[in-house]
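Turn this into a model:
(2 chains)
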Amino acid sequence: MDDELGARLKVYEGRAATLTGTGRDPVNLPMIRHWCEAMGDTNPAYTGPDAIAPPTMLQAWTMGGLAGHEGRAAAHDEMFALLDEAGCTSIVATDCEQQYLRPLRPGDEVTFDTVIESVSGRKTTKLGTGYFITTRTDIRVGPERVGTHRFRVLKYAPATTPSKRPQRPSRPRPVVNRDNAGFWEGVARHRLLIQRCTSCAALRFPWLPGCNNCGGPDWDTVEASGEGTVYSYVVMHHPPFPAFDPPYAVALVELAEGVRMISDVVGVPYDKVRIGMPVRLEFRSYDEELVLPVFRAREEAAV
Amino acid sequence: MRAGEELPPLEIPITRTLIVAGAIASRDYQDVHHDAESARQKGSPDIFMNILTTNGLVGRYITDHFGPAAVLRKVAIRLGAPNYPGDTMVLTGTVEGVDGDTATVRVVGANGIGSHVTGTVTVTVPGGAR
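Have a look, this model is predicted:
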């Protein structure tokens, strides 16, 4: 496989990731104490009037923290955006190499420059496939270099699927409102109800507040016999919606009463659904809450 | 201080508290170091220790042994098996070489699932060449 992304990432080698970043805080005793508490480090060199900072805190003084990094160069953000777009959204640090030229003391104000030292080709690891990015940060106090921090991260697409992925998503729920509640109450009792205008007797489906023939607001219902034919259909290949496995047929069924409704044709492969195919109503339970009217291809229609 | 000298092991219980406290003390707010649900969504079974905490613990291991006068010159580490809560990491070290009062120490931190960290520390111990 050619590694087009790897080639695009390679051009960032040698470019600045941060230009003259400034530590958020001067080296200070409270942060030193918090660090020592976390690490369980009781070294007396880190307390008292002549305290130095634990040398391994070097990078901590350069961290952006929750507020994020200031002074990051465009190259850094561009490169990470490329990786994110390619699905390499996870990051793990793999190597840290620090050199300490002189101890940091409370009051020291650090500045730092980070350069993207190298970008690996595409690598597959136990965690997933991605790219190792090595940066080098020179840390200064005033003009004096006090330390160097070389850092390698793997930016990768996780190999394992998330362990807590929900089960198959359930089918969308119908939107029930006061104009169509009667229909869904019927479905719950396994009855397919069609609205009938009490002024002109026109049947209508789907349910509406008024007659689309005479405008009459009053209605009653008739129960569908359940017989119908496929009036038209489409086969869905794309896009895939959660809870649906393409390809599948979506049919416009003409009921014996004359109204048409959109539904599933079941009991027949998607590519055997045909216009004019006789179908019969049945009710199918999809989960504990959802019952939908569907149409089964009649035996004699089997091809 | 002589080549071949072995440092006494240091056992570090990997608690959730240590992982979170270390991440925050190093100002690392990546959610995989404090939010178990986010860590799982990223394919990890749980939160895990960040590299800067590991680095700090390796530094502590060396200065604990050589004393407060010891000066760390260089710490270079590589991570392997993650440190998850409930595990224990045992740090061991071997002096690989001595040059005057400066030693290089090979450090390994093993946890229940493998080798969490391998690395080399260069440390100067004034009067250490005894």
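
so what's the residue of the stretch 151-300 of chain A found nearest chain B up against?
Closest contact between the stretch 151-300 of chain A and chain B, by CB to the nearest CB, is at residue A:158 (3.5 Å). To be clear about C-beta, it is placed using only N, CA and C from the backbone, and glycine gets the same treatment. Residue A:158 makes contact with A:89, A:90, A:127, A:128, B:42, B:43, according to CB atoms under 8 Å, 6 or more residues apart in numbering or on different chains.

I'd like those laid out as JSON lines, including neighbour count, secondary structure and distance to residue A:71.
Formatted as JSON lines, the contacts of residue A:158 follow (neighbours: other CB atoms under 10 Å in any protein chain shown; DSSP: H, G, I helix; E, B strand; the rest coil; distance: CB to CB, whole Å):
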{"residue": "A:89", "neighbour count": "16", "secondary structure": "coil", "distance to residue A:71": "24"}
{"residue": "A:90", "neighbour count": "21", "secondary structure": "strand", "distance to residue A:71": "25"}
{"residue": "A:127", "neighbour count": "19", "secondary structure": "coil", "distance to residue A:71": "30"}
{"residue": "A:128", "neighbour count": "21", "secondary structure": "strand", "distance to residue A:71": "30"}
{"residue": "B:42", "neighbour count": "20", "secondary structure": "coil", "distance to residue A:71": "27"}
{"residue": "B:43", "neighbour count": "18", "secondary structure": "coil", "distance to residue A:71": "31"}
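
Max pairwise distance over the residues you listed: which two?
Within these, A:89 and A:127 form the most distant pair, 12.2 Å apart (CB to CB).

Give me the pLDDT for the residue nearest in space to the middle of chain B.
Residue closest to the mean C-alpha point of chain B, counted by CA atoms, centre = their mean, is residue B:58 at 3.0 Å. On pLDDT, residue B:58 comes in at 98.

Mind telling me what element it is part of?
helix B:51-66 (DSSP states H and E).

got it, and residue A:196?
Going by DSSP H and E, residue A:196 is in strand A:193-197.

Does anything pack onto that strand? Which helices or strands?
Judged by 3 or more CB pairs under 8 Å, 6 or more residues apart in numbering or on different chains; DSSP states H and E, the packing partners of strand A:193-197 are helix A:181-188, strand A:203-204, strand A:219-223.

Which strands border it, and is each parallel or antiparallel?
strand A:203-204 (antiparallel), strand A:219-223 (antiparallel) (DSSP bridges).

Pick the most buried one from those strands.
strand A:203-204 (a mean of 17; mean count of other CB atoms under 10 Å in any protein chain shown).

Would you map the helices across chain B?
Ranges of helices in chain B, per DSSP state H, are B:16-25, B:36-41, B:51-66.

So which residues of the stretch 51-200 of chain A form helices?
Using DSSP state H, counting those that start in this stretch, the helices assigned to the stretch 51-200 of chain A run over residues A:74-85, A:181-188.

and the ones you listed, which one's lowest on average pLDDT?
helix A:74-85 (a mean of 89).

Which positions are bridged to the residue of the stretch 151-300 of chain A closest to chain B in the beta structure?
residue A:128.

quick one: it from residue A:90, how far?
From residue A:158 over to residue A:90 the distance is 5 Å, taken as CB to CB, to the nearest Å.

The strand holding residue A:196 versus helix A:181-188: what angle between them?
Calculated by axes from the mean of the first three to the mean of the last three CA atoms, to 10 degrees, strand A:193-197 forms an angle of 150 degrees with helix A:181-188.

buried sites along strand A:193-197?
For strand A:193-197, a neighbour-count test (16 or more other CB atoms under 10 Å in any protein chain shown) marks A:193, A:194, A:195, A:196, A:197 as buried.

what sits opposite the first one in the beta ladder?
Here residue A:193 shows beta-bridge partners residue A:223, assigned using DSSP bridges.

that older thread, gap between the helix holding residue B:58 and the chain center?
5 Å (CA atoms, centre = their mean, to the nearest Å).

and it with chain A, contact?
Yes - against chain A, helix B:51-66 shows contacts by CB under 8 Å from any CB of the partner chain at B:51, B:52, B:53, B:54, B:55, B:56, B:57, B:58, B:59, B:60, B:63, B:64.

Would you mind checking those residues for buried ones?
Using 16+ other CB under 10 Å, the buried members of the residues of helix B:51-66 next to chain A are B:51, B:52, B:53, B:54, B:55, B:56, B:57, B:58, B:59, B:60, B:63, B:64.

Got the confidence number for the first one?
In this case it means residue B:51. 96.

list the contacts for the closest residue in space to it that isn't next to it in sequence?
Spatial nearest neighbour of residue B:51, chain neighbours left out: residue A:93 (3.9 Å); criterion: CB to CB, 6 or more residues apart in numbering or on different chains. Counting by CB under 8 Å, 6+ apart, residue A:93 touches A:151, A:152, A:153, A:154, B:50, B:51, B:79.
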